[in-house]
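> for reference, the sequence and a predicted model appear below.
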Amino acid sequence: MTRFIVVLAVHFLSLFSFAQESKADKLSWSATQKLQLSDFNIKSTAPNEPSSHAEFSITYKAGGKELLSSNLNKRVLNEFIRNGSWIDTTQDVQQALRYQQASFDLCEVYVRQFRKALY
């Protein structure tokens, strides 16, 4: 019963999401593919600003037959949003990439916990 309530709540919350990103704007998390400078669509050279900023999206997509399925956890996604992320190319780019990769990896930890709760 708790699982049904969680699924129903997530489904209704997803109805209120109005962001319109294309698939090319998103990069799904991968254990083998790390973030690169080219993944950040915005390059900055602003002084006195942080060296980088990244946007991540944890989404859950289900509808129709998927709601009746016993394996809903494959519909939970962790994605990096390229057009919402920037990096300062005048600062230590490798350090900024490591930091944002660690943030992306941490999001994946929470996605896996969510998947486990759904299963």
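Looks like it arrived, so ask away.
> how about the helices in the chain?
Taking DSSP state H, the helices of the chain run over residues 2-15, 65-68, 93-118.
> mind telling me which of these the model trusts least?
Out of the helices of the chain, the stretch the model trusts least by mean pLDDT is helix 2-15, with a mean of 48.
> contacts for stretch 77-91, please.
For stretch 77-91, the external contacting residues (C-beta atoms under 8 Å, 6 or more residues apart in numbering) are 21, 24-29, 35, 37, 39-46, 49-61, 93, 96-97, 100, 104, 107-108, 111. All C-beta atoms are positioned from the backbone trio N, CA, C, and that covers glycine.
> wait, what's in contact with A54?
With C-beta under 8 Å, 6+ apart as the criterion, the residues that contact A54 are L35, F40, F80, I81, G84, S85, Q100, S103, F104.
> check this structure for its longest strand and report it.
Longest among the strand segments of the chain by residue count, using DSSP state E, is strand 76-88.
> now it against helix 93-118, angle please.
With axes from the mean of the first three to the mean of the last three C-alpha atoms, to 10 degrees applied, the angle from strand 76-88 to helix 93-118 works out at 160 degrees.
> which ones are touching the closest residue to A96 other than its chain neighbours?
When the adjacent residues along the chain are set aside, A96 lies closest to S52, with 3.8 Å between them (C-beta to C-beta, 6 or more residues apart in numbering). When contacts are counted by C-beta under 8 Å, 6+ apart, S52 touches F40, S85, W86, I87, D88, A96, L97, Y99, Q100.
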